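Chemist: Provided below are the primary sequence and the corresponding predicted coordinates.
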Amino acid sequence: MRRRRAPFGGGAAPTAVGAGKSRADFPLRWNAGGMIDHIAIQVADVPASAAFYDRALAPLGAQRTKEFGEFISFGTSGHTLWLVPATDDRPAREVHLAFAAPDRAAVDAFHAAAVEAGAESLHTPRLWPQYHESYYGAFVRDLDGNNVEAVCHTP
């Protein structure tokens, strides 16, 4: 059963913490050797979520990298997202996952693929100048209520 939550930030754009900033003001990037090696999220239905992420992450160049029992990972160049079975019936807290896109077309393709695979569209692809002048992103809610974003930082 799909859990429903209010959109991130009550449906408004995320807080403008980067107002007046440029990309140079945000040097850490997950795909550029940042501090995160992998992330695991609990999902209600691993096969259904895996099918969703197969489609949603394909435009970003990510694919399934491992299947270990009920655990499935996706990734590119060493960074991985693990889908693991939920351990109980408690509602999951919303997680925000932002995936790097190589260009704006990949952000557009991510959004289209994710919605086609069953995601709720939170924000269609667009510029977010409150973060920096080239921040181009799209946000969807996955099958478990997580806020999943694809973002490109180049013009």
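Modeler: Done, it's in. Numbering: from 1, shown residues only.

Chemist: only C-alpha atoms for contact and neighbour calcs from this point on.
Modeler: Fine.

Chemist: Report how many residues lie close to Gln42.
Modeler: Using other Cα atoms under 10 Å, Gln42 is surrounded by 18 other residues.

Chemist: Tell me which helix or strand it sits in.
Modeler: Here Gln42 is covered by strand 38-43, with elements defined by DSSP states H and E.

Chemist: and that strand, what other elements does it pack with?
Modeler: strand 79-85 (3 or more Cα pairs under 8 Å, 6 or more residues apart in numbering; DSSP states H and E).

Chemist: what mean pLDDT does the strand it packs on have?
Modeler: The pLDDT scores in strand 79-85 average 91.

Chemist: what's that strand in contact with?
Modeler: For strand 79-85, contacts defined as Cα atoms under 8 Å, 6 or more residues apart in numbering pick out 31, 36-46, 49-50, 70-75.

Chemist: Please name the nearest non-neighbouring residue to Ala100.
Modeler: With sequence-adjacent residues excluded and distances taken as Cα to Cα, 6 or more residues apart in numbering, Ala100 is closest to Val151, at 5.2 Å.

Chemist: now Ile39
Modeler: Using Cα to Cα, 6+ apart, the nearest residue to Ile39 is Leu81, at 4.9 Å.

Chemist: That neighbour: how many residues sit nearby?
Modeler: 20.

Chemist: Just list what the helix or strand hosting Val140 packs against, helices and strands only.
Modeler: Assessed by DSSP H and E, Val140 sits inside strand 136-141. Counting contacts by 3+ Cα pairs under 8 Å, 6+ apart, strand 136-141 packs against helix 104-116, strand 120-127, strand 147-152.

Chemist: Most tightly packed of the ones you listed?
Modeler: Ranked by mean neighbour count, the helices and strands packed on strand 136-141 are led by strand 147-152 with a mean of 24 (mean count of other Cα atoms under 10 Å).

Chemist: Alpha carbons only: can I get that strand in PDB?
Modeler: This file holds the C-alpha atoms of strand 147-152, laid out as PDB (Å, rounded to 0.1, in the frame of the first residue of the first chain):
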ATOM      1  CA  ASN A 147      11.100  13.200  -2.300                       C
ATOM      2  CA  VAL A 148      13.400  12.200  -5.200                       C
ATOM      3  CA  GLU A 149      15.200  14.900  -7.200                       C
ATOM      4  CA  ALA A 150      17.300  15.000 -10.300                       C
ATOM      5  CA  VAL A 151      19.500  18.100 -10.500                       C
ATOM      6  CA  CYS A 152      22.000  19.600 -13.000                       C
END
